[in-house]
Each structure stands twice: as C-alpha cells, then as structure tokens.
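> build the 3D model from these lines:
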Amino acid sequence: MDVHDKIDEIVKFLESARTMPMSSSAVVNRPDLLRMLEELRAMLPGSLRAAEAVLDQREALLAEARTNAERLIATGQQEHERLVSEHSVLVAAEAKAEEAVAAAAEKADEMRRQVDDYVDAKLAHLELSVDKILETVRQGRERLRGPSAYAELAAGEEPLPS
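Purely as a prediction, here's the structure:
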C-alpha cells in the first residue's frame, strides 16, 4: 500500500464515521484513526525520500542537459565560425582567381596585338622587298625584250653610249 492508498483509507474512515445529531462533527474511533495516521507517517519518509531522490535526479539530469546544451551551442558556434571563415577564404580565393584570369586575358590580348603588329611590320617589309625584286625582274625582262647591244653590233649599228 502506498501513501495515496493510505490517505484514501483515512478519508473513507472519516466519511463512514457517525455524525453527531444536528452538528457537522463526527464520532471516530480515536485509536483506529491514530493507528492509520501513524501508518501514514511511517510511509511518508520512504515516499518523501523517493520523491526527494527523484527531484535530485531530475535536478542532476537538468544540470547535465544544460551542460550538454551549452557544449552543443559552443560547438555549433565554433562550427559556424569555421564555415563562415572557410566561406570567406573561398570567396576571397575566387575573387583573386577571377582577377588573375582577367589579368592573364588582358596580357594575352596585349601580346596578341604586339605579335600582330610585329608580323604586320615584317610582312610590310617583305612586301616592299618583293616589290623591289619584282621591279628588278620587270626591268630585266624589258631589257631582254629590247634590242641587245650584241644584236645591234651584228646589224652594223653602233651602240649608243650609255
């Protein structure tokens, strides 16, 4: 029997007690009521100790839960800071990489322009040289088509002094 059962027994005992006529007072068997109250008192320390143990255990569990929660929060904050830091590093690295790619593309364009200018200058020089050579070839061919000094001598004419 537990404390609640004993209290229920005492309540029933009092409810079944004879009432005094024209009064709200009741006649109870004093020794029986005292015995039941003593039994209740004997039960209470054990129940109170059990309740206190449950409360102490509850407090210990709450303290442990608070400690675990604080530890998890701290770990979460550290992880958050690490991820934010990694993200910042990644963003900075991507920005530097984009700058490097842009600078390399700009340098490649500049080098391409310089190479094109160099090749154009060389081709222009070559064109002039080829034009001179062609002119020399034309002149040579013209001379070959015209009367030669030997042909004039053979025909009996004197060549003109040049």
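> going forward, measure contacts between C-alpha atoms and count neighbours the same way
Noted.
> quick one: contacts for L33?
10, 13 (C-alpha atoms under 8 Å, 6 or more residues apart in numbering).
> how near is it to E9?
10 Å (C-alpha to C-alpha, to the nearest Å).
> repeat that for E70.
48 Å.
> longest helix of the protein?
helix 30-145 (DSSP state H).
> how far is it from where the chain is centred?
5 Å (C-alpha atoms, centre = their mean, to the nearest Å).
> let me know the pLDDT of E142.
Reading off the confidence values, E142 has pLDDT 87.
> where in this structure is pLDDT low?
47, 148-152, 154-162 (pLDDT under 70).
> tell me how many other residues surround A26.
14 (other C-alpha atoms under 10 Å).
> and the nearest residue to it once chain neighbours are set aside, how many neighbours?
In space, and not counting its chain neighbours, A26 is closest to T19: 4.0 Å by C-alpha to C-alpha, 6 or more residues apart in numbering. Using other C-alpha under 10 Å, T19 is surrounded by 14 other residues.
> then V11?
V11 - counted by other C-alpha under 10 Å - has 12 other residues nearby.
> do you know how far it is from V28?
12 Å.
> cool, and M36?
12 Å.
> again, but for E110
Where V28 is concerned, E110 sits at a distance of 115 Å (C-alpha to C-alpha).
> more neighbours, the two?
Between E110 and V28, counted using other C-alpha under 10 Å, the more crowded position is V28 (15 against 12).
> phi, psi of the residue nearest to that one when sequence neighbours are not counted?
Of all residues not flanking V28 in the chain, A17 sits nearest, at 5.6 Å (C-alpha to C-alpha, 6+ apart). Main-chain torsions, A17, degrees, to the nearest 10: phi -70, psi 150.
> tell me how many other residues crowd A17.
A17 has 14 nearby residues by other C-alpha under 10 Å.
> likewise for R41?
As a measure of burial, R41 has 14 neighbours, counting by other C-alpha under 10 Å.
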